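Novice: return a 3D structure for these sequence lines:
(chains A, B, C and D)
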Number of protein chains: 2
Amino acid sequence: MAKSGIGDRAGEVFAALAAAGQATRPQLAVACGLSKPTVSLVMAELEAAALAERSGSSSGATGRTAAVYRLGPRAGYVLAVDRGSTQVALRATTLGGDLLDEDQTSRPASAGAMVQAVLRRGNARGPLRAVVVAVSDVVSPPGRGEPATMARISGAVAALGLPGGAPVHTENNVNCAAIAELAEGAGRDHDSFVFLQVGVAIGAGVVLGRRLVRGVNGAAGEVARLAYPWADDRPPVRDALEARLGSRTLLRRARGRWPGRPDPAPRTAAALFALAEKGDAVALEIVAEHAEAVGNLAASICAVVDPGLVVLGGGVGRNKLLLPGVVATVDRLSWPAEVVVSELGARATVLGAAHLAREQGIRAVLGEGAANRR
Amino acid sequence: MAKSGIGDRAGEVFAALAAAGQATRPQLAVACGLSKPTVSLVMAELEAAALAERSGSSSGATGRTAAVYRLGPRAGYVLAVDRGSTQVALRATTLGGDLLDEDQTSRPASAGAMVQAVLRRGNARGPLRAVVVAVSDVVSPPGRGEPATMARISGAVAALGLPGGAPVHTENNVNCAAIAELAEGAGRDHDSFVFLQVGVAIGAGVVLGRRLVRGVNGAAGEVARLAYPWADDRPPVRDALEARLGSRTLLRRARGRWPGRPDPAPRTAAALFALAEKGDAVALEIVAEHAEAVGNLAASICAVVDPGLVVLGGGVGRNKLLLPGVVATVDRLSWPAEVVVSELGARATVLGAAHLAREQGIRAVLGEGAANRR
DNA sequence: CGCACTTGGTTAGGTAGTAAACAAACGAAC
DNA sequence: GTTCGTTTGTTTACTACCTAACCAAGTGCG
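Specialist: As a prediction, this is how the structure comes out:
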């Protein structure tokens, strides 16, 4: 079993190399705060374990060329699955983030076959280090979840037909999207932000101090349960905000104002926004109302955690037409906060799941190394 | 100047000793993850710098007695000030948390004299390492605050007449109370919780992962700006929630239902709750309504950060009569969360400020040590 | 082409901290 | 009162890592 057997500091360097994808020894020395001799020793160790390998040389403007390292064959690969209700997306990468395989289907039932194909092709790249499945349910820590939710999640995972010993982790899909925006999207340069998904359902991913807030029940960001409606004489109803802000209600409101018009009412959110884009007055009015409602939600979130940045995502929230109204409402009600649209679009969830999978995979390699030393 | 001159690891041990107040060498070794020989060397260093001193011996059930250390005279002391609108509280402690001095006044104008007296008495305990002033305004990071707010805060601090070079820090009073509940109150055994202050004004302190969330503008927890009122046909108004939940409104609502009764309407929240305690039907009804409103607020906060625990504080929120209604509403609307009443009462703010002052003071000692080594 | 300059990598010596063995101090048991 | 087990504190040998110096390998310039 003792095949990798890497030391303590070696793990740190390995993680830095994985995060960077490619790096020279001086770069790793700076990243880990180690001296040149130590990095040399560590790299020899990692190369011996086949966790790293030389991939070439890089020459700067002046000076000697540096050896460039990348992850080796025994580092293995990871798999990310976005298990949506209407579509399933797959992404396999190395621990360094290099894309190995990508696929997607609009028939969730065929996801299992897709997974099998990816695993077959991936096995050449070493061991499968981690699988992260993004689901639309709340993912609770052990012993905290509702039985029904937990059953639904494990059912969805089982349907993927992953091999027996695979190290599978689950995460909420909105949280995954938030992670992606943090790592490579609109939150790249911010310590704190909230990713606000508005689509068929609503949800948020809360990132504070470059860390995702999951909550004691795993329900942080489940803003469907904000008190709504709420006024002096109006008691809130659980989950009423989701009913108000979901795209189904949006379309129902559109239908309500359509009678007497020649053209039929839009049947999808995309169609509604397309009409608004063309200048249709009724569509524009509905979009403006929705923007204000989303703005109210964003303002409430800002009142609690003051993130300074709100990233809008989801089928409806991604739409540029929504942005001005949201910005105006947040400015009017709450604390100074930038509001922008997601840079990653619908791929955010699977990208975030891949990031989490890489993190878990790196931890798995490190854990194996540590275990060998005992 | 190089009087303390402590090393790198010594600082870590010093911080652990300060946090514990008193400790033996084995305890410090465990706390800092150091070996016995290293701790012995460090303690000699700290004793030489008069930052630590022996305070006796402790004998366990079996085995040799251990030398017990406490902070030495050169560790100095810190000062905490709760600068409320109607009262000012003071608390001076050692870096280890031992109480040196405590005072309070209901005439804010006389706070300056009180501070002078405490400083005179404190000077025998070494240098003043930090002062933390708790204010009711939002405390923003440098370059982020509104000029008017910043001016109000610096005015309040200046009125205390602190000596020129004193290392003064400011913090929001609700955040201070949350820190106190975290360190020694109802949040002692929880990683995450929200302290919800309900009194003349409303506000919250958000603690996630045993760290206070301050927000990009320092406005995290300023829940007065949650969207309210908010319904399909009712647009929110900025700060309307504070108007709804503040104790002034509570009393106005009471007056509104009092006509036709022999006794006069209660003039303070305490009086209202006293009546409810005696079983007065109208008072009970008003308390129940208020409890539901506070519960709605707590539920909204839980929807965003899912803290698992809400600690009620403030003049109104502290009242036990409010608790059942809040619990019921949170259960009905949001995620599983415990709701309890503050254990520290009105002293929470000054206790939390003292905690922050100790933290800052320890950092100051460490910084001085580090500076000497360059 | 040779020389200065810059950066990468290795070698040698020094230091901080650890683990393990040892010495000292205490209570409890017989 | 002696012995034993337990815990504290110190001595000793070793390890890991760092700094400093040096060699190696590139580029640009006269």
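
Novice: can you report how many residues lie near the closest residue to chain B within the stretch 51-200 of chain A?
Specialist: Of the residues in the stretch 51-200 of chain A, the one nearest chain B is residue A:192, at a distance of 5.9 Å by Cβ to the nearest Cβ. Every C-beta, even on glycine, is put in place using the N, C-alpha and C of the backbone. Neighbourhood size, residue A:192 [other Cβ atoms under 10 Å in any protein chain shown]: 23.

Novice: my read: it touches residue A:212, true?
Specialist: No. Using Cβ atoms under 8 Å as the test, residue A:192 is too far from residue A:212 to be in contact (11.0 Å).

Novice: joint contacts of those two?
Specialist: Here residue A:192 and residue A:212 have no joint contacts, going by Cβ atoms under 8 Å, 6 or more residues apart in numbering or on different chains.

Novice: residue A:339 against residue A:307, yeah?
Specialist: No. Using Cβ under 8 Å, residue A:339 is not in contact with residue A:307; the gap is 10.7 Å.

Novice: who has more neighbours out of those two?
Specialist: The neighbour comparison of residue A:339 against residue A:307 (other Cβ under 10 Å) goes to residue A:307, with 29 against 24.

Novice: any idea how far residue B:207 is from residue A:334?
Specialist: Per Cβ to Cβ, to the nearest Å, residue A:334 is found 21 Å from residue B:207.

Novice: ok, these two, which is more surrounded?
Specialist: Shown here are residue A:334 and residue B:207; by other Cβ under 10 Å, residue A:334 has more neighbours (29 against 26).

Novice: does the residue nearest to residue A:95 when sequence neighbours are not counted sit in a helix, a strand or a coil?
Specialist: For residue A:95, ignoring the flanking residues on the chain, the nearest one in space by Cβ to Cβ, 6 or more residues apart in numbering or on different chains is residue A:18 at 4.5 Å. What DSSP: H, G, I helix; E, B strand; the rest coil gives for residue A:18 is helix.

Novice: count of neighbours near residue A:18?
Specialist: 23.

Novice: could you do residue A:101 as well?
Specialist: So residue A:101, with other Cβ under 10 Å, has 17 neighbours.

Novice: contacting residues for residue A:357?
Specialist: Counting by Cβ under 8 Å, 6+ apart, residue A:357 makes contact with A:78-80, A:93, A:129-132, A:169.

Novice: put the buried members of those into a PyMOL selection.
Specialist: Applying 16 or more other Cβ atoms under 10 Å in any protein chain shown to those, the buried members can be selected in PyMOL as follows:
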select buried, chain A and resi 78+79+80+93+129+130+131+132
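
Novice: for the contacts of residue A:357, give me JSON lines that also has pLDDT, distance to residue B:55 and secondary structure.
Specialist: Output for those, formatted as JSON lines (pLDDT from 0 to 100; distance: Cβ to Cβ, whole Å; DSSP: H, G, I helix; E, B strand; the rest coil):
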{"residue": "A:78", "pLDDT": "97", "distance to residue B:55": "54", "secondary structure": "strand"}
{"residue": "A:79", "pLDDT": "97", "distance to residue B:55": "58", "secondary structure": "strand"}
{"residue": "A:80", "pLDDT": "98", "distance to residue B:55": "56", "secondary structure": "strand"}
{"residue": "A:93", "pLDDT": "96", "distance to residue B:55": "57", "secondary structure": "strand"}
{"residue": "A:129", "pLDDT": "96", "distance to residue B:55": "52", "secondary structure": "strand"}
{"residue": "A:130", "pLDDT": "97", "distance to residue B:55": "51", "secondary structure": "strand"}
{"residue": "A:131", "pLDDT": "98", "distance to residue B:55": "55", "secondary structure": "strand"}
{"residue": "A:132", "pLDDT": "98", "distance to residue B:55": "52", "secondary structure": "strand"}
{"residue": "A:169", "pLDDT": "98", "distance to residue B:55": "49", "secondary structure": "strand"}
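
Novice: distance to residue B:68 for the contacts of residue A:357 - can I get that in JSON lines?
Specialist: As requested, the contacts of residue A:357 are arranged in JSON lines below (distance: Cβ to Cβ, whole Å):
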{"residue": "A:78", "distance to residue B:68": "51"}
{"residue": "A:79", "distance to residue B:68": "55"}
{"residue": "A:80", "distance to residue B:68": "54"}
{"residue": "A:93", "distance to residue B:68": "54"}
{"residue": "A:129", "distance to residue B:68": "48"}
{"residue": "A:130", "distance to residue B:68": "47"}
{"residue": "A:131", "distance to residue B:68": "52"}
{"residue": "A:132", "distance to residue B:68": "49"}
{"residue": "A:169", "distance to residue B:68": "46"}
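
Novice: and the furthest pair within the contacts of residue A:357?
Specialist: Greatest spatial distance in the contacts of residue A:357: A:93 and A:169, 15.2 Å, computed using Cβ to Cβ.

Novice: circling back: quick check: phi and psi on the residue of the stretch 51-200 of chain A closest to chain B?
Specialist: Main-chain dihedrals, residue A:192, degrees, to the nearest 10: phi -140, psi 140.

Novice: same check, this time on residue A:348
Specialist: Dihedral angles (degrees, to the nearest 10) for residue A:348: phi -50, psi -40.

Novice: please report how far it lies from chain B.
Specialist: 20 Å (Cβ to the nearest Cβ, to the nearest Å).

Novice: how many neighbouring residues does the residue in the stretch 1-150 of chain A that DNA strand C sits nearest to have?
Specialist: Nearest residue of the stretch 1-150 of chain A to DNA strand C (Cβ to the nearest atom of the strand) works out as residue A:63 at 2.1 Å. By other Cβ under 10 Å, the residues close to residue A:63 number 7.

Novice: and it, how close does it get to residue A:17?
Specialist: Applying Cβ to Cβ to residue A:63 and residue A:17 gives a distance of 22 Å.

Novice: for residue A:326, list the residues it contacts.
Specialist: Applying Cβ under 8 Å, 6+ apart, the residues near residue A:326 are A:291-292, A:294-295, A:298, A:310, A:312, A:339.

Novice: show me the contacts for the closest residue to DNA strand D within the stretch 101-250 of chain A.
Specialist: Residue nearest to DNA strand D within the stretch 101-250 of chain A: residue A:129 (23.6 Å; Cβ to the nearest atom of the strand). Residue A:129 is in contact with A:75-78, A:95, A:167, A:357, A:360-362, A:364-365, counting by Cβ under 8 Å, 6+ apart.

Novice: now residue A:183
Specialist: A:351-352, A:355.

Novice: how about a cut-off of 7 Å?
Specialist: Residue A:183 makes contacts with residue A:355, as judged by Cβ atoms under 7 Å, 6 or more residues apart in numbering or on different chains.

Novice: and if you look at residue A:360?
Specialist: A:130, A:132, A:167, A:169.

Novice: pLDDT weak spots in the stretch 1-150 of chain A?
Specialist: Within the stretch 1-150 of chain A, the stretches with pLDDT under 70 are A:1-5.

Novice: got the residues of it near DNA strand C?
Specialist: A:24-26, A:36-37, A:40, A:60, A:62-67 (Cβ under 7 Å from any atom of the strand).

Novice: okay if I get these as TSV plus distance to residue A:145 and secondary structure?
Specialist: Shown next, in TSV, are those (distance: Cβ to Cβ, whole Å; DSSP: H, G, I helix; E, B strand; the rest coil):
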residue	distance to residue A:145	secondary structure
A:24	45	strand
A:25	45	helix
A:26	47	helix
A:36	49	helix
A:37	49	helix
A:40	47	helix
A:60	52	coil
A:62	58	coil
A:63	56	coil
A:64	56	coil
A:65	53	coil
A:66	49	strand
A:67	48	strand
